[in-house]
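Novice: coords below, sequence missing:
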């Protein structure tokens, strides 16, 4: 488990969420951490007829 200082686990050890309030994603303890550099996406816009057109 990759634990950042001050991270908060969501739920109990049995996987239940009893007594756990909503925790923002940036405050949670995550099993993995990924870093993405230079990421590109292919996106489309919708025209007036809801057809995809390159954006």
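Specialist: Ah, there it is. The model shown is predicted, which means the values in this text are computed figures rather than measured ones.
Novice: Pull the contacting residues for residue 27.
Specialist: Applying C-beta atoms under 8 Å, 6 or more residues apart in numbering to residue 27 gives the contacts 6-8. In short, each C-beta sits where N, CA and C put it, glycine included.
Novice: same thing with residue 8?
Specialist: Counting by C-beta under 8 Å, 6+ apart, residue 8 touches 23, 27-29.
Novice: Scan the helices and strands of the chain for the one with the lowest mean pLDDT.
Specialist: None of the helices or strands of the chain scores lower by mean pLDDT, DSSP states H and E than strand 52-54, at a mean of 87.
Novice: Which secondary structure elements does that one sit against?
Specialist: Under the contact criterion of 3 or more C-beta pairs under 8 Å, 6 or more residues apart in numbering; DSSP states H and E, strand 52-54 touches strand 44-46.
Novice: Note down every partner strand of the strand it packs on and its orientation.
Specialist: If you go by DSSP bridges, strand 44-46 pairs up with strand 52-54 (antiparallel).
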